[in-house]
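Asks: Turn this into a structure:
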Amino acid sequence: MSRLSVNVNKIALLRNSRGSNIPDVVQFALDCERYGAQGITVHPRPDERHVRRSDVYELKKAVTTEFNIEGYPTEDFLRMVIEVKPEQCTLVPDEPGQLTSDHGWDTIRHAAFLKDVVKRLHDAGVRVSLFIDPVGVLLDGAKATGTDRIEFYTGPYAHDFTKDKYAAIKEFVTAAEHCDKIGLGINAGHDLNLDNLKFFKQHIPSLLEVSIGHALVRDCLYYGLENTLQLYRRQLE
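Replies: Next up is the predicted model:
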């Protein structure tokens with residue numbers, strides 16, 4: 001079964017809108033674990049508009065499942081990750097003010113940079129995943145950096161799913177088969193939800209982990225947290 005990691009950024013965004021600690025991000029993460037989440041993901045951005053650096057340290061103390069920190073590898077970000085030592089660090093090529101992640105790494109253009117960052121994280125005992133588009137040459141480039149896994153950017157899949165789900169999944173199937181061949185672990189994330197997640201899992205049998213935040217929090221408003229976690233876990237079985 002693929003693992004479900006819950007991204008708590010949207011909970012932090014809601015908390016920040018009122019200037020208090022309601023809802024409590026750490027408590028939400030603990031409740032997610034209690035109801036079946038197999039990991040907690042955060043993406044602290046430089047402007048701290050949702051998850052703050054202080055949240056990262058507090059969550060590390062509390063999380064008992066897998067802790068995954070996403071972000072662009074600035075020196076400040078890397079120092080934090082190496083100090084916190086999460087189980088996994090997912091590197092994304094975001095600009096500082098970017099609204100959300102919307103593309104993967106160019107692993108050819110940034111090969112030397114990524115290789116150095118991956119080594120630094122490995123030296124600290126942190127597993128590394130690179131956010132990437134499902135393109136064979138980019139996957140080969142990812143493998144050359146020494147990364148343990150890639151995380152498919154699934155935004156295009158989610159966008160095209162309602163038009164033609166078989167066409168939407170096609171390039172991801174081909175890319176996943178290539179990952180299996182060259183020995184790259186497969187994660188996935190972005191706009192996966194209760195409508196499209198099961199189909200994605202069925203066609204990517206070696207999928208190790210998904211990270212879901214926005215859609216899951218939306219579903220919590222309708223179904224409640226405990227029910228929502230079980231619904232998402234069921235899609236991955």
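Asks: residue contacts, the most centrally placed residue in the chain?
Replies: Among the residues of the chain, the one closest to the centroid is residue 211, at 4.1 Å (C-alpha atoms, centre = their mean). With contact taken as C-beta atoms under 8 Å, 6 or more residues apart in numbering, residue 211 is in contact with 5, 6, 7, 39, 41, 68, 70, 90, 151, 187, 188, 189. Backbone N, C-alpha and C define where each C-beta goes, glycine included.
Asks: Now with 6 Å, please.
Replies: 5, 7, 41, 189 (C-beta atoms under 6 Å, 6 or more residues apart in numbering).
Asks: what's near enough to touch the spatially closest residue to residue 63 that is not a sequence neighbour?
Replies: Setting aside the residues directly before and after it, residue 63 is nearest to residue 40 in space (C-beta to C-beta, 6 or more residues apart in numbering), at 4.9 Å. Residue 40 makes contacts with 6, 29, 63, 67, as judged by C-beta under 6 Å, 6+ apart.
Asks: okay if I get those residues as TSV plus secondary structure and pLDDT?
Replies: Below are the contacts of residue 40 laid out as TSV (DSSP: H, G, I helix; E, B strand; the rest coil; pLDDT from 0 to 100):
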residue	secondary structure	pLDDT
6	strand	98
29	helix	98
63	coil	98
67	strand	98
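Asks: circling back to that earlier point, which one of the contacts of residue 211 is nearest to residue 140?
Replies: residue 189 (21.4 Å; C-beta to C-beta).
Asks: separation between the closest residue to the closest one other than its chain neighbours and residue 88?
Replies: Sequence neighbours aside, residue 211 is the residue nearest to residue 189 in space, at 3.9 Å (criterion: C-beta to C-beta, 6+ apart). Residue 211 sits 10 Å away from residue 88, going by C-beta to C-beta, to the nearest Å.
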